[in-house]
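Novice: Predicted coordinates and the sequence they were generated for:
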Amino acid sequence: LRNSGALYIFTNALRPVLDLVGFPAELVPMALMRPLSGSGSQGVLVEILTNEGLSEMVKYAAATMYGSTETTFYVLAVYFGSVGIRRTRHALAAGLCADLAGVIAAVIICRAMFG
């Protein structure tokens, strides 16, 4: 998505709304990748941390986001599948709500502490 430019277009389309609520647009790739893949989100985190142009608050928020959210789809596929649970509708909603809460809390807390 990054190499095709789709992520750039998506982030720039959301930028006015994100600026309005105070969410750094640079964290959108991390917020999208974290529920999907642990290694993918680790790659996004390394990219954010090694980017010289980003503020320290964004870097701290990305690291906090990485530690405070879970790879929801991996948990549903592997853990629920290993014990034979088939209906995961409410678990998916609960996991994604918890991820959203972790992302929002990471930005709020890091903005208050380092912003």
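Specialist: Cool, the structure landed.

Novice: leaving aside the residues next to it on the chain, what's closest to the residue nearest the centre of the chain?
Specialist: Compute the mean C-alpha point of the chain, and by CA atoms, centre = their mean the closest residue is residue 31, 1.8 Å away. In space, not counting the residues next to it along the chain, residue 31 is nearest to residue 103; the distance is 4.9 Å by CB to CB, 6 or more residues apart in numbering. C-beta coordinates here come from the backbone N, C-alpha and C atoms, glycine included.

Novice: now residue 34
Specialist: residue 41 (4.3 Å).

Novice: where does the one you found fall, phi/psi-wise?
Specialist: Note on residue 41: backbone dihedrals following degrees, to the nearest 10 are phi -70, psi -30.

Novice: just to revisit the earlier point, please, which helix or strand holds the residue nearest to the centre of the chain?
Specialist: Using DSSP states H and E, residue 31 sits within helix 28-33.

Novice: Repeat that for residue 46.
Specialist: helix 38-50.

Novice: If you count neighbours, what's buried in that helix?
Specialist: By neighbour count on 16 or more other CB atoms under 10 Å, the buried set for helix 38-50 is 41, 44, 45, 48.

Novice: Identify the farthest-apart pair in those residues.
Specialist: By the measure CB to CB, 41 and 48 form the most distant pair in these, at 10.3 Å.

Novice: Name the residues contacting each of the two.
Specialist: Residues touching both residue 41 and residue 48 by CB atoms under 8 Å, 6 or more residues apart in numbering: residue 30.

Novice: how about the residue nearest to residue 31, what does it touch?
Specialist: With contact set as CB under 8 Å, 6+ apart, residue 103 has these partners: 27, 31, 34, 65, 69.

Novice: between these, which is closest to residue 94?
Specialist: For those, the nearest to residue 94 is residue 69 (13.1 Å; CB to CB).
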